[in-house]
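> Provided below are the primary sequence and the corresponding predicted coordinates.
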Amino acid sequence: VSLSDTRSRQSTAIMCIAAAVLSLLAGLLASCAGLPAHAAPDVDKHVSCDVMIAGGSTAALAAAITAAEAAPHLTVCVTEITDWFGGQMTAGGVPAIDFGGSNRNVDNQPKSFRDFFNHYNGNPGACSVSLKCYPPNDLVETWINPRIASSSNLLPFRNTAVINTTRDGNGRVTSITAVQRTVRPNATAWATRLSDEIEDWYTPTDSATFTKTVLEFTALVFVEATELGDVLVTGELPLAQGTETPDEMSHEFLETCGQAWTLTFYMTRLGGASPKPDPFPKGDTCGGGVPDVQAFDWRHSWSWRRALCGGNTSLQAVNVGDITQQNLFNDLRTAYAFPPLEDVYQQRDSGWKGGLNLTAIRMMEDRAYWYYQYMRNASMLKTGVPSSHFTLDTKTSGTLHGLSKFPYVRGTRRTLGLDGFRLTYPPFDYYNESAPVFGYRFNDTVALGNYNMDWHRLSNCQLPNYTSIHATKPYYIPFRALTAQNAPNLLVTGKTMAQTIHANGATRLHPSEWTTGVAAGGIAVLMIQRNWLSTAEAYQHIDEVQAFLNSSLVGQPLDWVPGDVHPAIGYMCGIDRCFTVDTHFPGHVLYPNSTCDSNCTPLKPNEWLANKAYWSVEGNSIRASQDTVLKKSEVHSNALPNDQKKTVVEGFTCKLVTTKSIFGYWLCTV
């Protein structure tokens, strides 16, 4: 499939001509002459904005906060497809911030992100994966909603799905149409599975569960910040879906082969046996892998993304009152979330409903329920606590069906930027050079990002070889990645921005996505204030754009504050080996030297630490369940020099030195 909207324009032109012949309506003829819009339902309410953000993502929340607070005199509108703003931070079910080595430093975080980070003292979940794990419902209630409400010029539209985008003959977005749903008084919200309900979210007509209001938004500047690329598809913009092939620079794609998605859930341990039978479905493996229960590290899975710690903060503790997010073994690897583009375009032309593979979404749900039951059924064997003491925490998920409100979207549809620009992998590693410490700094840098290429592969398709390369340095994100070709007043942020799927593997994580949202919100404001009519004109004034973003009004860092490349705080003994750590684990002595004061020996040249989250045990060896790294240290791989880490691809095997593990790591030899 070529990265072009030629086919869609031809198809729409034919439809327009046929309609014109039948109706002889001049308006349809005019639509054929310019950039066609799709038939939209009657509008119930017109909403006039200065900045309109089509949202649903983490970037959307960042863009809305930034624009509204930087320009109180402008009206900023933002939609959200669920009732929780925040994307993967909340509704997407990943309330555990994925930091790299450098963006942990608050000096490298946008002002608004620091405000979120400092909202919680310490780590509420005492999780192992992050410095900050928290209950998403609490973040929504205590920080996100109050922050939105504090700006009277910020108009939030919850439970609102984008169904249409109109553009004029010059490509400018003139309006976005969306459906806002309201739960009927006699209906129950969030009780129906997403696979059964999401198309109803996009449907303008009332249903048994919802009444609908059709909204038409007009604005000077629009921002595409959806999770599904709703504006890209309905606006007939050039877009990519799936994986570039055979190489990253290609404009051909494996349309139904990309990142695996997940529907996450939250488990809690009760104070005793539940008086009622477990009400949740048994689920299904959906053809995916099943961990060997004897080798399965149940406690590690429990504390990996623990959202709220009920007492003992040890990573081995399973406390009454713990609330833990689960997504270690519930990826759906046997089906892709999107259908082929031909089906996507057909749905767009007949009535847009998100362009999802509903069978895959159903399988995602079944896989999640299966893993919940797996954890529950293995609890007695692995912890001595009966399965009846565990259940899904529906308050934390905000749903009665027990799963997250929206999938954990790791990759989605993406656009092309000005002059066909796409952000690619090489600048993240400074074109494979060993120096400098950071990636390539673009002349139009507007945001910072820091994380390795984090691939979660499907098992039903073969990805190109280039996707096995995933080490990055702290990198820079350029203005051009936030633009859309042939749409002068549209900015694109988050996972839908102008980038390859390989670049998206790094930019999709929470802090990096947030920085792109800050950039988009700030740029939108400045375009209006300076009367710049296009992103191309803003690009010509990139120095002014960067100065505005870096000002105290927006607070966006544009240069990395150098830190220790190897931010270890000392050495610890674990499984009879001495290695560096960046956290002082309770119950372990912190040593100043590589021999741990002769209490244990350093790692041998062929010995490596393997993060248990990404490896499965097979006899005396472990096998990588996704692309990952082996390390000489407990320190995050982004902060390690090259001689301290080894990149490996999914399926790579490493021989176990011992069946014991420490700090969530196996010790193995290559």
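Structure's in. What do you need?
> buried set for stretch 549-557?
L549, N550, V554, G555, Q556, P557 (16 or more other CB atoms under 10 Å). (C-beta placed from N, C-alpha, C; glycine too.)
> export that stretch as CSV, just CAs?
Output of stretch 549-557 as CSV, limited to C-alpha atoms (Å, rounded to 0.1, in the frame of the first residue of the first chain):
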residue,chain,number,x,y,z
LEU,A,549,8.1,26.6,24.2
ASN,A,550,11.2,27.0,26.3
SER,A,551,9.8,30.0,28.1
SER,A,552,8.4,29.8,31.7
LEU,A,553,4.9,30.2,30.2
VAL,A,554,5.1,26.7,28.7
GLY,A,555,8.2,25.2,30.4
GLN,A,556,9.3,22.8,27.7
PRO,A,557,13.0,21.7,27.9
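> re the thing from before, need the buried residues of stretch 549-557 in TSV with secondary structure, can you?
Shown next, in TSV, are these (DSSP: H, G, I helix; E, B strand; the rest coil):
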residue	secondary structure
L549	helix
N550	helix
V554	coil
G555	coil
Q556	coil
P557	coil
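> With pLDDT and distance to C127 added, can I get those in JSON lines?
Output for the buried residues of stretch 549-557, formatted as JSON lines (pLDDT from 0 to 100; distance: CB to CB, whole Å):
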{"residue": "L549", "pLDDT": "97", "distance to C127": "32"}
{"residue": "N550", "pLDDT": "95", "distance to C127": "32"}
{"residue": "V554", "pLDDT": "96", "distance to C127": "30"}
{"residue": "G555", "pLDDT": "95", "distance to C127": "27"}
{"residue": "Q556", "pLDDT": "97", "distance to C127": "28"}
{"residue": "P557", "pLDDT": "96", "distance to C127": "26"}
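> Quick check on the closest residue to K604 other than its chain neighbours: phi, psi?
Of all residues not flanking K604 in the chain, T669 sits nearest, at 7.7 Å (CB to CB, 6 or more residues apart in numbering). For T669, the backbone dihedrals are phi -120, psi 150 (criterion: degrees, to the nearest 10).
> and if you look at G449?
Per degrees, to the nearest 10, the backbone of G449 is at phi -140, psi 150.
> Show the contacting residues for it.
Counting by CB atoms under 8 Å, 6 or more residues apart in numbering, G449 makes contact with 100, 103, 474-477, 506-507, 509, 511-512, 515-516.
> Now, those residues that are in helices?
The helices, defined by DSSP state H, take in A506, T507, P511, S512, T515, T516 from the contacts of G449.
> Quick check: the third one touching N103?
Yes - taking contact to mean CB atoms under 8 Å, the distance of 4.7 Å between P511 and N103 places them in contact.
> circling back: need the max-distance pair from the buried residues of stretch 549-557.
Taking CB to CB as the measure, those span a maximum distance of 10.3 Å, between V554 and P557.
> Quickly list what's touching both of these two.
Joint contacts of V554 and P557 (CB under 8 Å, 6+ apart) are P110.
> List the buried residues for the strand ranked longest in the chain?
In the chain, assigned by DSSP state E, the strand with the most residues is strand 173-183. Residues V173, T174, S175, I176, T177, A178, V179, Q180, R181 are the ones in strand 173-183 that count as buried (16+ other CB under 10 Å).
> farthest pair in the residues you listed?
Pairwise distances across the buried residues of strand 173-183 (CB to CB) peak at 24.4 Å, for the pair T174 and R181.
> Below-threshold pLDDT in this structure: ranges please.
1-39, 431-435, 563-567, 586, 638 (pLDDT under 70).
> Mind listing what's buried along stretch 514-522?
W514, T515, T516, G517, V518, A519, A520, G521, G522.
> With distance to Q499 as extra columns, can I get those in CSV?
Shown next, in CSV, are the buried residues of stretch 514-522 (distance: CB to CB, whole Å):
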residue, distance to Q499
W514, 16
T515, 14
T516, 10
G517, 15
V518, 17
A519, 14
A520, 14
G521, 19
G522, 19
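> Of the residues you listed, which is the nearest to D50?
G521 (11.8 Å).
> thinking the closest one is in contact with A67, fair?
Yes - between G521 and A67 there is a contact under CB under 8 Å: 3.8 Å.
> Need the overlap of contacts for those two.
Residues touching both G521 and A67 (CB under 8 Å, 6+ apart) are V51, I53.
> ok, the closest residue to N550 other than its chain neighbours - contacts?
Excluding the flanking residues, the one nearest N550 by CB to CB, 6+ apart is L558, at 5.1 Å. Contacts for L558 (CB under 8 Å, 6+ apart) come out as T445, V446, A447, L448, Y476, Q546, L549, N550.
> P124 now?
Applying CB under 8 Å, 6+ apart, the residues contacting P124 are C133, Y134, P135, A307, L308, C309.
> residues near P146, how many?
10 (other CB atoms under 10 Å).
> So it belongs to a helix, correct?
Yes - counting by three-state DSSP, P146 is found in a helix.
> Please report how far it lies from K632.
From P146 across to K632, the span is 44 Å (CB to CB, to the nearest Å).
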